[in-house]
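K.L.:
got a predicted model here, sequence first, then my questions.
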Amino acid sequence: MSTGPSEIEDLKRRLENAPVPAADRIVSLDHNSAAFKEFKAALQELEESVRTSNDLGDMSSEEVEIARSEILQIASEKELQWMRPAHIWQVAKSTLLWISEQAAGAVIGALALAALAALAGLLGIVI
């Protein structure tokens, strides 16, 4: 993600204010769609970077472990056949915005926002 600080802040603001999709409907995920594959790849890249990167911003070792655990929880949710978009959006939004704030200016901060933007695309949220 090659964006400057102002573009990152703008993306973060748009993601924070994005409406919850599909109310409380239950929907099926198309695991073969381009949007699903993009979200899966973005989440994998984030998890790999959290696990291996030295560029973690101000995150403590405990925060890194929490971030990794929560990313893996999101990853397990996306593999389900059925889901409630409002639930996964709220969980992912909470985790990924938190990571982006804790690691602002670091590689994983930008990757967290990219993963959340990819989820928005999967869920049909216009940001």
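P.N.:
Yep, it's here.

K.L.:
flag the shaky bits of the chain, pLDDT-wise.
P.N.:
Within the chain, the set of residues satisfying pLDDT under 70 comprises 1-5, 20-23.

K.L.:
one more time with 80, if that's ok
P.N.:
Within the chain, the segments meeting pLDDT under 80 span 1-8, 17-24, 126-127.

K.L.:
which residues does the residue located most distally from the centre of it contact?
P.N.:
In the chain, the residue that sits farthest from the middle, by CA atoms, centre = their mean, is residue 25; the gap is 20.9 Å. Neighbouring residues of residue 25 by CB atoms under 8 Å, 6 or more residues apart in numbering: 84-85. Just so you know, the C-beta spots here come from the backbone N, C-alpha and C atoms, and that holds for glycine as well.

K.L.:
now do 10 Å
P.N.:
Counting by CB atoms under 10 Å, 6 or more residues apart in numbering, residue 25 touches 83-86.

K.L.:
burial measure for residue 11, as a count.
P.N.:
Burial of residue 11 is recorded as 20 neighbouring residues (other CB atoms under 10 Å).

K.L.:
what strand or helix carries it?
P.N.:
Per DSSP states H and E, residue 11 falls inside helix 5-16.
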